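Student: Just a sequence and a predicted model for now, questions to come.
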Amino acid sequence: MKGKLLLVLSIVLALVFFLILSYRENGVKPRSSYKASAIKGFHLARKAGDRIKWELTAESADFQEGNNEIFLSDITVKIYHEKEIILTGGKGNYSVQEKLLEIGLPVEITMDGAVLTTNSLTWHGEDEVMTTRDNVSLKGKNFLMQGQGLMVKASDRQVKVLKDVKGIFYR
């Protein structure tokens, strides 16, 4: 009698265990904002006539359905004027509609042999202007400049540190 009771109890427990493991909730479906596509090796170029003004490349890009933003990692922007300006960063997002790229750590701009570093930066693609409110450091062959906030106009290669500017010049 105890053997039969133990057998029936084991079968019931096995069925309950099987039902728990195989249960799926059919009523929950992902919203469209969670659907995404991802690619490796992203490239975007902005042209004026036959001339490329700037190029944006990234190691990877995630596109959210219904969203005008592209989430990027390992970012490089090359700006073509008389001399090339190279902007690199870690992660960021590009607003397709506004042509606005926000980049996070680490951010580095190389221009005319000088290297500028900061924690975050916004690239306004239409105006070709870079801005940040973070601390910046600009190091060249004969100088080191530090401060807070920055505006770079790529078209005329104008760099403006906004406040708390300190500079050291070497001979």
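Tutor: Thanks, I have the structure now.
Student: For the residue nearest the centre of the chain, give the beta-bridge partners.
Tutor: Residue closest to the average C-alpha location in the chain (CA atoms, centre = their mean): Gly92, at 1.5 Å. Note on Gly92: beta-bridge partners Leu72, Ile103, judged by DSSP bridges.
Student: what about it, distance to Lys78?
Tutor: 15 Å (CB to CB, to the nearest Å). (Each C-beta comes from the backbone N, C-alpha and C, glycine too.)
Student: Regarding stretch 122-138, how distant is the last residue from the first?
Tutor: End-to-end distance for stretch 122-138: 17 Å, by CA to CA, to the nearest Å.
Student: What is the burial count for the residue nearest to Lys163 when sequence neighbours are not counted?
Tutor: Nearest residue to Lys163, sequence neighbours excluded (CB to CB, 6 or more residues apart in numbering): Gln148, at 5.2 Å. When neighbours are counted by other CB atoms under 10 Å, Gln148 registers 15.
Student: And Tyr80, by the same measure?
Tutor: Neighbour tally, Tyr80, other CB under 10 Å: 15.
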